[in-house]
Every structure is written in structure tokens, then in C-alpha cells.
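Asker: A predicted structure for the sequence below; I have some questions about it.
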Amino acid sequence: MVDANGCVITVAAQAEQGGDQEYDVDQGAGHGLSLGYWVEIMYAVIFRAEINTLDDEYSAMAARMRDLAINEYGCMEFVSATEGAQELAISYWPDLRSIQNWKSNPEHLQAQALGRKKWYKSYQVQVVEVIKEYSA
């Protein structure tokens, strides 16, 4: 949705059945916002890690995982960055079911095991609802 200033606005609310649903923010949606838009649910997975060592195998695996998530599991966008020994990756998803299916993919499970064993000292994953998005 676009507001009067041309900014894109997305407000998310968790669906009771876990499926795709839209909420009228003026009708509540549990967020107390009053934008007057129908909005779509969207989720983000935030992956933060302390890097142990990264190698060519990591680079190939990361590229494969990005491609697989986007092309076969419904990931809408994937961005990542490293700074020093820290890595941050954020992926955007249309629903929780897509995230769960992705988490259970055999290749992704193999990548996770290699990450724990070889590439990362530690990591943290957060799954969050995106409640607002705007840009200029």
C-alpha cells in the first residue's frame, strides 16, 4: 500500500490459522494503528552469527541456500552483510508455513550442521512479524 506521501506501508498481524490473511488496520488488527489500509501479513527471519571461519565451501553453500529459499520456498527477499566477525542475514517470507518448510529442507539442514560445526562460533535466529514498512 502507498500512503499520501508516496511511502509504501505494510502492517502485519498474525493469522490465527497460520494462512495468508489481510487485516483492516482501522478495525484494530491488534496493533492500535489507524492507517486506513488493508494490509498483508509478512514475516522476517533474522539470522545473526559470530563467524568462526568462512571459506569457498561457505560461499557456494550460501549462494545455493539463497537460490533455493527464493526459488522453491517462497522467500520474497534475502539480504546479508558481514562486518568483522559478525554476520547478519534477513529474509522476508509471506507466511510461517513457508519458513517452517524452508527450515526442514534437507539441504538447508545440511548447511545448518556445517554452520554449527565449521563456520560459526555462535548464532541466533529470530522470526518476527513485520508490522510496518515504508520507503521513499
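Answerer: Good, I have the coordinates. Numbers count the residues shown, from 1 in each chain.

Asker: report the longest helix in the chain, please.
Answerer: Secondary structure of the chain per DSSP state H: the longest helix is helix 56-72.

Asker: Just the mean pLDDT for that one, thanks.
Answerer: Averaging pLDDT along helix 56-72 gives 96.

Asker: residues of that helix that come out buried?
Answerer: Tyr58, Met61, Ala62, Met65, Arg66, Leu68, Ala69 (16 or more other Cβ atoms under 10 Å). From N, CA and C alone the C-beta is placed, and that goes for glycine too.

Asker: Please apply the same query to stretch 98-114.
Answerer: Applying 16+ other Cβ under 10 Å to stretch 98-114 flags Ser98, Ile99, Trp102, Asn105, His108, Ala111, Gln112 as buried.

Asker: Tell me the one among those nearest to Ile46.
Answerer: Among these, Ile99 lies closest to Ile46 (Cβ to Cβ), at 11.7 Å.
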